[in-house]
Structures are given as structure tokens and as C-alpha cells.
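> Structural data only, the sequence is not supplied:
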């Protein structure tokens, strides 16, 4: 039996604004799931229990998760399975390109589990996916990457020939809480990844995301936004952390919609070109709309 880390009695009562209206028509959802299963592909929408799954699947969008469905890190906020990683499926890039074509997508988001077990941390597989997608599809590509710990030069060298339209790496939360929220990751290393990618490829938009409600202070959030701007990040998403299960980090506070709106105004005043800030906002939520905000051209 798995160890219970957080007792039910400390769970906060969910406020009224944390309600999702699920659509009645689930045809698109089932159709996408059927295609994904047939081609042995994963989505972070399903694996991370995203609250926007119904909305996104019904609009014909999905965030694909490559390199398996088991993560080598044990971040206590994340619903993705942890443990011994699966073997890399080298047929995945071509299958991904095929499914994107079948779904008639125009903007694609690709993320992955963290693969610390791989020598290159999975970078070459990302690049191969981009290469195969561009062969078969006329799409813009956004990648949401892990921190690629310790292999920054390989990152820059590999992506040079297989550039995405948007390079996304989530900073997640404030540095004071990193040891609890992102064990195994380092705040400055994440900033360094974003900075070096932006410096090497200044014409490619860089993006990051924050989840709130884990005990961070407002002033700390503002400092993180400033740090992100300093390293060249132009796109930002800010959303509410929701506890996936009793075994995950508890929510310390539910942020009101008005405070999210205020953060949006502050971020825009700092010079972010595209800001999505709201209760249910996730890193890839309405990514196609952020693409339009940035006037990306296929």
C-alpha cells in the first residue's frame, strides 16, 4: 500500500470558482483517444490529469508527451507516473507526425517526461520528432521541455537544425520552495536554459509557466517574473496548482480570479508579449491562441 503523505483533514475546501463545465458531446474526446491508443502515443492532458482536457480535446487539440509515460524524477506536485523509465520508442517520431496529420492540427505542443536515465536526457528524440513532423505537416511547433540537466551544449547543438517555433520550459514556482516542489531541479539552472536558448536563437519565442497556491508570496512571484524577463522569456502562463491526489503536495491557498487578472496586467507591464493568467491556465492551455498573439507564421 502506498504511503499517505498528506492527510485529508488538511485539504482546503475548493471555492466556487473552481468548477468546470464538462461538455455533453464527447465524440471528439473519444475519437482523439482512439487515435492516440492505436498509435501508442501519450498526452500530458491525460497523464497529468489536466482540468482542461475536455475543452482541449473537444476543440481538436492535444499536448503530446514523448519518451514514455514514466518520469525519472519524483516531483510531488505532478500526477505523471514515476519510476523506472520505459525504453525509447524510436518509431514514435514518425507515428507522431502521422497522427498530427490525421488530426489536421495547425499548432502542435510536444512535451516529455524527464529522462535523467538517458545520456542526452532525450534531446535527440525531441529533435527527431520536430524533423519528422515538419516532413509531413505544415504546422507551428511548440516544445515544452524538462531542464535537460547537465547537457546544455548538446541542447543548443541539436536544436540548431531542428528549431521549434516556441521553446517552453516551466520555472514552476519560486526558488524558496524548489527543494519541496521540484526536488532534483535548480531554479538558476532553469533560468540558464531559457537564457542560453534565447541568446543562441533570439528569433525563437521562449516561454515559461508558473503554478500558484503552494505557499509562495506575491512579492516572490513578481521577482520570478522579473527574472524570466531578464533571460528573454516573452510568453508566460500562470495558473492555480490543483492537488492530483492525497499523495501529492496539498494546496496551501486558492488564488482568486481577480488576483490572476492583476498578475496578467503586471506581467504585460513588464514587457511579456503574451500572458495567460487564470485559475485553470496550464502551460499548453490555449497554446494555439498564444501562437496567434505572437503572430507566428508557419
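Everything's here; your move. Treat the numbers as computed from the prediction; the structure is a model and nothing was measured.
> Which stretches in this protein count as helices?
Using DSSP state H, the helices of the chain run over residues 27-38, 44-47, 53-58, 92-102, 123-136, 152-159, 178-181, 187-200, 218-230, 257-270, 287-293.
> isn't residue 205 right up against residue 167?
Yes: using CB atoms under 8 Å, residue 205 is in contact with residue 167, at 7.2 Å. For glycine as for every other residue, the C-beta is placed from the backbone atoms N, C-alpha and C.
> Tell me, please, where in the protein the pLDDT is lower than the cut-off.
Scanning the chain with the threshold set as pLDDT under 70 gives 1-10, 20-30, 44-62, 284-298.
> For the longest strand belonging to it, report the contacting residues that lie outside it.
For the chain, the longest strand by residue count, based on DSSP state E, is strand 205-212. Applying CB atoms under 8 Å, 6 or more residues apart in numbering, the contact partners of strand 205-212 are 77, 142, 165-173, 194, 197-198, 221, 224-225, 228, 231-241, 253, 255, 273-274, 282-283, 290, 294, 296.
> okay, the helices of the chain, which one's buried deepest?
Most buried of the helices of the chain, by mean neighbour count (mean count of other CB atoms under 10 Å): helix 44-47, with a mean of 24.
> follow-up on the earlier one: ok, which of the helices of the chain comes nearest residue 69?
With CB to CB, the closest approach to residue 69 among the helices of the chain belongs to helix 44-47: 5.5 Å.
> Okay, and the beta partners of residue 168?
Using DSSP bridges, the bridge partners assigned to residue 168 are residue 144, residue 207.
> Quick check, it in contact with residue 126.
No: between residue 168 and residue 126 there is no contact under CB under 8 Å: 11.8 Å.
> For those two, list the residues in contact with both.
Jointly contacting residue 168 and residue 126 under the rule CB under 8 Å, 6+ apart are 143, 145.
> rewinding a little: okay if I get the helices of the chain as a markdown table plus distance to residue 12?
Output for those, formatted as a markdown table (distance: least, CB to CB, whole Å):
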| stretch | distance to residue 12 |
| --- | --- |
| helix 27-38 | 29 |
| helix 44-47 | 25 |
| helix 53-58 | 23 |
| helix 92-102 | 39 |
| helix 123-136 | 37 |
| helix 152-159 | 38 |
| helix 178-181 | 17 |
| helix 187-200 | 26 |
| helix 218-230 | 18 |
| helix 257-270 | 16 |
| helix 287-293 | 29 |
